[in-house]
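S.K.: using only what follows, build the 3D model:
(2 chains)
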Number of protein chains: 2
Amino acid sequence: MTSQNDVSDKRPPPKDLTHHLSRTTKNRQASSIKQFYKYFGIPGIGQLAGGLPNNYYFPFDTLEAKVARPARWEPTPNKPIDPPADDDDEAVARLSLKDVKKQSSPLNQPQDSLTVPHTSSQANPIKKIDLSSALQYGTAQGYPPLYYFIRQLTQQNLHPNCPYKDGPEVILTCGNTDGFSKVLQMLTNEWSEEKDWVRDREGLLVEKFAYGNAVAAARPRGMNIVPVNIDDEGMMAHGEAGLQEVLENWDHKKGKRPQLMYTVTMGQNPTSGVLSLQRRREIYALCCKYDIIIVEDDPYWYLQYPSSTAVNTTTTSDPANTSFNPDVRMFANAEPVPDGWKSSGYAFLDSLVPSSISIDTEGRVIRLDTFSKTVAPGCRLGWISAQPDLCERLLRITESSTQQPSGFVQSMIAELLLGPDQDGLEKSLKKGGKGDLPNGEGWKADGWIRWVEGLRGNYERRMNQMSKIMDDGKYLIKSGHRNSLGSHDDNEWSVVEKTQMYSFDWPVGGMFLWLKVHFETHPLYHTYGKNEKEIARLSRALWIFWTTKPYLVLVSPASIFCPTEEIMKAEGWRYFRLCFAAINEDELGPVSERLADGVAAFWRIKDSKKIEKLLEDEEAAVEERAGLAQMAQMIGPC
Amino acid sequence: MTSQNDVSDKRPPPKDLTHHLSRTTKNRQASSIKQFYKYFGIPGIGQLAGGLPNNYYFPFDTLEAKVARPARWEPTPNKPIDPPADDDDEAVARLSLKDVKKQSSPLNQPQDSLTVPHTSSQANPIKKIDLSSALQYGTAQGYPPLYYFIRQLTQQNLHPNCPYKDGPEVILTCGNTDGFSKVLQMLTNEWSEEKDWVRDREGLLVEKFAYGNAVAAARPRGMNIVPVNIDDEGMMAHGEAGLQEVLENWDHKKGKRPQLMYTVTMGQNPTSGVLSLQRRREIYALCCKYDIIIVEDDPYWYLQYPSSTAVNTTTTSDPANTSFNPDVRMFANAEPVPDGWKSSGYAFLDSLVPSSISIDTEGRVIRLDTFSKTVAPGCRLGWISAQPDLCERLLRITESSTQQPSGFVQSMIAELLLGPDQDGLEKSLKKGGKGDLPNGEGWKADGWIRWVEGLRGNYERRMNQMSKIMDDGKYLIKSGHRNSLGSHDDNEWSVVEKTQMYSFDWPVGGMFLWLKVHFETHPLYHTYGKNEKEIARLSRALWIFWTTKPYLVLVSPASIFCPTEEIMKAEGWRYFRLCFAAINEDELGPVSERLADGVAAFWRIKDSKKIEKLLEDEEAAVEERAGLAQMAQMIGPC
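M.R.: This is a model prediction of the structure:
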């Protein structure tokens, strides 16, 4: 791992946490190829040592793309519509909603061309972006220009307040699922009931409702999945079934007290909370006390919606509330900053709740970042930020598995962010190369931050649209006459009966609205409310009912986010996750309306035969269709 | 796993081998998302279930490339020079060597343009190639159009003679190192000396000289690495330390008898052998007897050089000898084929030694294929071919780790091979889309086979060039007078003293020449030949000597291919691997000459002080240089 240590950096080094390494990971050794490194630089050396094909035999001569400009989307507040106002034409920002669909097509937006050339004569690998390097075997930490860009962004802009020396090291991954899989290999030992002692069983702390793919990665290794209670922010440090209680009262008959935590702290999936800095400090203190490593998986960091906090507490949206970070006003007002506290250099980043890396004095936070939500999931590109010793072990794991993310995506993202390698290409031309010198400068860090700010704008508008509609539909309103028989006096008057069918907090981050359905107000609750199994059937019937005409909506039941059977039985039926991110903008409103209407119609069902019919018809109702591949793609890994 | 079973296929199904699955892999469950599949197809359903970003927010509007035509390179025989004769200009094929460098630049070759559009309205996922699908979350088995193309190529063209029903299923990987890592997870349990019984230790059979990265992946898991003797073909079934002997005489005190084999059977890395069909049958029979699963890693399948076989047996090159497969003449001469034996449809493929899948009656071959050597290593794209039950388990492992190869490379390779999705794009245009209908048809299977045939041509010419030079230099020729003292008569005459310094078989496949150095003929053998440690020092000195002026060549010592310490000590010093693939064509001759000259000069060293000086200077001789990242890239994973 190349490191550019700054001797003037007075921060203390991170703590040695290598006692957490799995047996397998302790066994890993650096590649024996290192012995060759020092010979590679001999001028004129004939390279017969490597085992690689010839660069000239790649069938790709260039890679190219049409790409967005960073300002394609408007930051918050960006009402009333999606797009563009990309450059000089302010009128487009005031288009009516019927123009949304047309405008929201990226092909109607200003765009730039990007080219990754075949060969650049650039000698500095940090600046060289060409196919001869990107499509050849590379280094496990990442394609050098991209690796250095991300490393610098991470250390200087994303986590400038990391408390340990030099800040986090980074290593590129094939996305966060790959990243977490590698972290599990690094830090956990496989355990089997049939052959191992219970006392050796390792545990993974997760939120009570957790991202299912993470649980699915850990459970087959024999890990004990240990849920921790949550509130609207996310994981609870204290209180009933909070982290402290789980750890203090640990029952060793269940296995080792957990020393690894998986958590989504910004736009928690599925509950959409954002963990405050105060809560982070509380959790971090407990993790230090009990020697726990925190895996912070935050694909939605940039999607924080402080306006929701205002709604949730005052029921009045406050568009001026654009910051989660109490310190941001400080920067904005040029007030003196607290001792040693650094700005990221970007007001937008300063306005966000920072990563737990900012308080990671001991180096026990392993953070997973991804391009999946900011560029595209199909990139399969992300990075891990952690203390250098842990990144070094991840490097060894990478060498024996994925080796490196695909050079196709690495070179194109590098070109997008860094722009053309003018120097190297100029030299190539002088040597008799072909073509013109490229235009453009790349997005750089400025463009990247502007891009994610625009994405936040788009998703926040969607969040507001769905939340508003769902808010409006939460009561079943029934006009009627109060029956005089039950009245306390003899007067009859017309009343409005309000039944609350569901509730939710406006999402403060991420892509989901977490809907709590009040089945206890359903007219058939007397039939289905007698036990958890029956109420789960009523919940299932609602889910099916939504998929029928005229409602036609598919949502995720909470059951797929329950890390344990107990939680599934106790609460798996109570919640549903609605994603406002994937659907086309013009459908979001109508679909949200149909969803709310569906609940109201379901609440009007008074005959349990109808419920039973829905459950019976489930299998028959919808033909299984071909093209499962495409269908699976429509939902992603959830 | 989608399967298109052919009921008329009379082949028996593969054997159930799920007892080989690791505990972790047995624990894996299909994603709970499957419960949604049947609802996805409801017309007009509002999708709020998935957890994915909106397609329109990807900053990439198109991906494009300039790509080669399949006929860019000439198949064997293609003397005297590298390139092109791509189309009408036959003159270029007769260019002199000084033009090679210029011509070998792909930018001077005819090329086509390739575009992956943002959105196609194609309904069939097998035909749809666009960024809306490729850059979204996808399916773990692979991007549908590419997955189906590879599946069909695999079943119909690559392994038409697979003996089990429907032939092998496939799943895409992030290259063969990723593929092997997943196979290890699927089939092996972690083992630790400190806590597990020796009897539970699992073993991995490998060639005596083996690809180091595979060993490096298995060893940290606690696996017992078990070498099997090799000859010029590759792994030996019978004879001393051959597979049969290893298995029959297994000492259970070393662990379980191995049930997994890792083997490179075509262009074995590092020894370059190609395993004949007869040898495959012998090894396969033993694997059935001892219930062993064979992992066949063959990145160099297409690089088979039958002309070398002729050289190795007759010392006379026979350019007419272009086939390894005794059956190919049969097809060429339209003779009746053996009962049920099928042609691949391509004379080139028919001429190659087939994969062991062709004899895999029980379904115990897991084959690893990659685009690394046929397109580019940076693709990080390959596929596994195996019986469906094993592919299903690999799918589960993929879902919790890499999820899918990058959509950037999957879509561009799909577009290269399949060509534009004309139907879908036409529909998009009718719906008000933008742009022109694309040209081109894609390479299709025909183009792909022609491309790899051209690559074989290029690499075979390189192999011949290096082998010829090395052949010419293997004797140290000394003219002199025979000393009359030792003569049988009184006549004195001038003699030529020939000392053989090294020997090698001409590579019959792959990218490497495996050089055996005859240190016992070195004048200082009396000093260094007394034990293995000393001879290893002499070998190391030769390696260093090569890196000095005027020789300046870097080769791989056999030590990095020794799977055990014992082999390293006994033979690690005796061989060197020379890669003729990576170096630029114009350098191959001069560098090979320098290599041969270096041996001769080393053989002229008669003072052991010179040897000691080389060894002492090793550390000081070459400054460690910056840019390790770039340097590591120059050698790849070996």
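S.K.: pull the distance from stretch A:61-81 to the chain's centre.
M.R.: Offset of stretch A:61-81 from its chain centre (CA atoms, centre = their mean, to the nearest Å): 20 Å.
S.K.: any idea which element the most centrally placed residue in chain A lies in?
M.R.: Centroid-nearest residue in chain A: A:Pro299, 2.1 Å away (criterion: CA atoms, centre = their mean). Secondary-structure assignment from DSSP states H and E places A:Pro299 in no helical or strand segment.
S.K.: quick one: pLDDT of it?
M.R.: Model confidence at A:Pro299, expressed as pLDDT, equals 97.
S.K.: A:Asn491 now?
M.R.: Looking at A:Asn491, the pLDDT reads 56.
S.K.: next, the buried residues of the helix or strand where A:Asn312 lies.
M.R.: For A:Asn312, the element it lies in under DSSP H and E is helix A:306-314. By neighbour count on 16 or more other CB atoms under 10 Å in any protein chain shown, the buried set for helix A:306-314 is A:306-311. Placement of C-beta: from N, CA and C, glycine included.
S.K.: pLDDT-wise, what's the bottom of these?
M.R.: Lowest pLDDT within the buried residues of helix A:306-314 is found at A:Ala310 (70).
S.K.: one step back: tell me which of the buried residues of helix A:306-314 is nearest to chain B?
M.R.: The shortest gap between chain B and any of the buried residues of helix A:306-314 belongs to A:Ser308, at 17.9 Å (CB to the nearest CB).
S.K.: which residue packs closest to the closest one, ignoring adjacent ones?
M.R.: Closest residue in space to A:Ser308, ignoring its immediate chain neighbours: A:Trp506 at 3.7 Å, by CB to CB, 6 or more residues apart in numbering or on different chains.
S.K.: just checking, the one you found touches A:Ser467?
M.R.: Yes: counting by CB atoms under 8 Å, A:Ser467 is a contact partner of A:Trp506 at 4.7 Å.
S.K.: need the overlap of contacts for these two.
M.R.: Common contacts of A:Trp506 and A:Ser467 (CB atoms under 8 Å, 6 or more residues apart in numbering or on different chains): A:308, A:311, A:513.
S.K.: just give the nearest non-adjacent residue to the second one, would you?
M.R.: The spatial neighbour of A:Val311 that comes closest, neighbours along the chain excluded (CB to CB, 6+ apart), is A:Trp506 at 4.5 Å.
S.K.: and for the last one?
M.R.: With CB to CB, 6+ apart as the measure, A:Leu578 is the residue that lies nearest to A:Leu513, at 4.4 Å, once sequence neighbours are left out.
S.K.: hang on, that neighbour is in a strand, isn't it?
M.R.: Yes: counting by DSSP: H, G, I helix; E, B strand; the rest coil, A:Leu578 is found in a strand.
S.K.: ok, back up a step: can you tell me the SS state at the residue nearest to A:Val311?
M.R.: Secondary structure, three-state DSSP: A:Trp506 is coil.
S.K.: and it, how far from chain B?
M.R.: Separation of A:Trp506 from chain B (CB to the nearest CB, to the nearest Å): 16 Å.
S.K.: and what of A:Pro70?
M.R.: From A:Pro70 across to chain B, the span is 8 Å (CB to the nearest CB).
S.K.: which strand or helix spans that residue?
M.R.: Here A:Pro70 is assigned to no helix or strand, by DSSP H and E.
S.K.: let me know the helix or strand that the closest residue to it other than its chain neighbours is in.
M.R.: Closest residue to A:Pro70 apart from its sequence neighbours, by CB to CB, 6+ apart: A:Gly447 at 3.6 Å. Per DSSP H and E, A:Gly447 falls inside helix A:444-472.
S.K.: what angle separates that helix from helix A:306-314?
M.R.: Angle of helix A:444-472 versus helix A:306-314, following axes from the mean of the first three to the mean of the last three CA atoms, to 10 degrees, is 30 degrees.
S.K.: report the buried residues of helix A:444-472.
M.R.: So helix A:444-472, judged by 16+ other CB under 10 Å, has buried residues A:445, A:447-467, A:469-470.
S.K.: got a list of what A:Leu394 touches?
M.R.: Shown in contact with A:Leu394 (CB under 8 Å, 6+ apart): A:171, A:182-183, A:186, A:384, A:386.
S.K.: where does it fall, phi/psi-wise?
M.R.: phi -70, psi -30 (degrees, to the nearest 10).
S.K.: next, find the distance separating it from A:Gln410.
M.R.: A:Leu394 is 17 Å from A:Gln410, where distance means CB to CB, to the nearest Å.
S.K.: tell me what the longest strand along chain A is packed against?
M.R.: For chain A, the strand reaching the highest residue count under DSSP state E is reported as strand A:60-68. The elements that strand A:60-68 packs onto, with contact taken as 3 or more CB pairs under 8 Å, 6 or more residues apart in numbering or on different chains; DSSP states H and E, are strand A:111-116, helix A:131-134, helix A:407-418, strand B:60-68.
S.K.: out of those, deepest packed?
M.R.: helix A:407-418 (a mean of 27; mean count of other CB atoms under 10 Å in any protein chain shown).
S.K.: the helix or strand just after that one: how far from the chain's middle?
M.R.: Downstream of helix A:407-418, the next assigned helix or strand under DSSP H and E is helix A:422-430. Going by CA atoms, centre = their mean, the spacing between the C-alpha centre of helix A:422-430 and its chain's C-alpha centre is 39 Å.
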